[in-house]
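Visitor: Generate coordinates for the sequence data below:
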Amino acid sequence: MAFLVLITMIFLHAIADYSLQGILATMKQQKWWHDNFPDQRLKYRNDYRVALCTHSFEWSFMIMLPAFTQMIFGDITVAMVAIYMVLIIDNTSFHMVIDDMKANEKKINLIEDQLLHLIQIVVTWLLWLVIFGW
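Guide: Numbers count the residues shown, from 1 in each chain. The predicted structure is shown next:
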């Protein structure tokens, strides 16, 4: 069962990071704001961060759906909810940093980006597995 959960998390990653990203893939790039609003650079200088955060939260929520399902259909404890929230926040933050390194800083390529996201998924899966079991 645990392995099936890991595979599901990876599948949900692919959906969230490719299929559902849509316009956020463009809007999370500073260059897009610069090119489309050159006369209002100061006004929109940080708007790409909103797109990064939105996409990163969507991604984090998607990969955590198996854990969410376990909480809904199992015995929900305060500890489970707290750890779930910490994992959502951590995954959102790490995803934002990784995507910013690829989309804006140009420090990593797509392969490195995806490898880092897969590492995030495995670490999240292992933490949930060790703490609560599946």
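
Visitor: So for the longest helix anywhere in the chain, mean pLDDT?
Guide: Ordering each helix of the chain by length in residues (DSSP state H) puts helix 78-103 first. Along helix 78-103, the predicted confidence averages to a pLDDT of 95.

Visitor: Now do that helix: which elements does it pack against?
Guide: Identification of packing neighbours for helix 78-103 by 3 or more Cβ pairs under 8 Å, 6 or more residues apart in numbering; DSSP states H and E yields helix 47-63, helix 65-73, helix 110-132. Heads up, the C-betas are built off the backbone N, CA and C, glycines and all.

Visitor: tell me the most buried of those helices?
Guide: Each of the helices and strands packed on helix 78-103 was scored by mean neighbour count; the highest is helix 47-63, a mean of 20, by mean count of other Cβ atoms under 10 Å.

Visitor: helices or strands up against that helix?
Guide: Where contact means 3+ Cβ pairs under 8 Å, 6+ apart, helix 47-63 is packed against helix 2-14, helix 24-27, helix 30-36, helix 78-103, helix 110-132.

Visitor: Cheers, nothing more for now.
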